[in-house]
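*Asks:* sequence-free structure coming up:
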């Protein structure tokens, strides 16, 4: 496993006029400027935005796609596509590749990605010290609910903006 891969999870429904799209674009740019590789699901919305930001800043991108989705390949900013058969293989690949994770706002797919990654960290099924960074307050009610039920849950970092995420990535991954 390369030590410089950051897996980004987020909505496939953000369009270029959304604030969330701009946030993902800035995040991708930041990841590339740190000399890190961006990995995500490879499709639209925040996945396109983050990959675009990384590529425009000279970075490398990996898209983990799913043949069961029938979407016809990765977005144009993905430089290395890893096709998987189903959602479970895709999720496994996204979590195994990442040395760090950033979770953006999203829907049920992003919720699954957050929950799975957090659980793998809880059970120490991912080697090394891998930060889980949650950008913004969208997931705060879910996080609060889990921490109330499981006070010893693995640490995650809830940050307000890309700059704060950058500080954590620079500290853990570089």
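*Replies:* Okay, I see it. As the structure is a computational prediction, the values presented were derived from the model and not from experiment.

*Asks:* Residue 153: what secondary structure?
*Replies:* coil (DSSP: H, G, I helix; E, B strand; the rest coil).

*Asks:* Over to residue 48?
*Replies:* Quick answer, by three-state DSSP: residue 48 is helix.

*Asks:* do the same with the one 10 residues further on
*Replies:* Look at residue 58: counting by three-state DSSP, its state is coil.

*Asks:* Which parts of the protein are strands?
*Replies:* Using DSSP state E, the strands of the chain run over residues 5-9, 37-40, 61-66, 80-84, 100-103, 132-135, 157-159.

*Asks:* need those strands in JSON lines with distance to residue 72, can you?
*Replies:* All C-beta spots, glycine's among them, are computed from the backbone N, C-alpha and C. As requested, the strands of the chain are exported to JSON lines (distance: least, CB to CB, whole Å):
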{"stretch": "strand 5-9", "distance to residue 72": "21"}
{"stretch": "strand 37-40", "distance to residue 72": "17"}
{"stretch": "strand 61-66", "distance to residue 72": "9"}
{"stretch": "strand 80-84", "distance to residue 72": "11"}
{"stretch": "strand 100-103", "distance to residue 72": "26"}
{"stretch": "strand 132-135", "distance to residue 72": "29"}
{"stretch": "strand 157-159", "distance to residue 72": "34"}
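
*Asks:* Correct me if wrong: residue 116 contacts residue 95.
*Replies:* Yes. Using CB atoms under 8 Å, residue 116 is in contact with residue 95, at 6.4 Å.

*Asks:* These two: who's more crowded?
*Replies:* Higher neighbour count among residue 116 and residue 95: residue 95, with 22 against 16, using other CB atoms under 10 Å.
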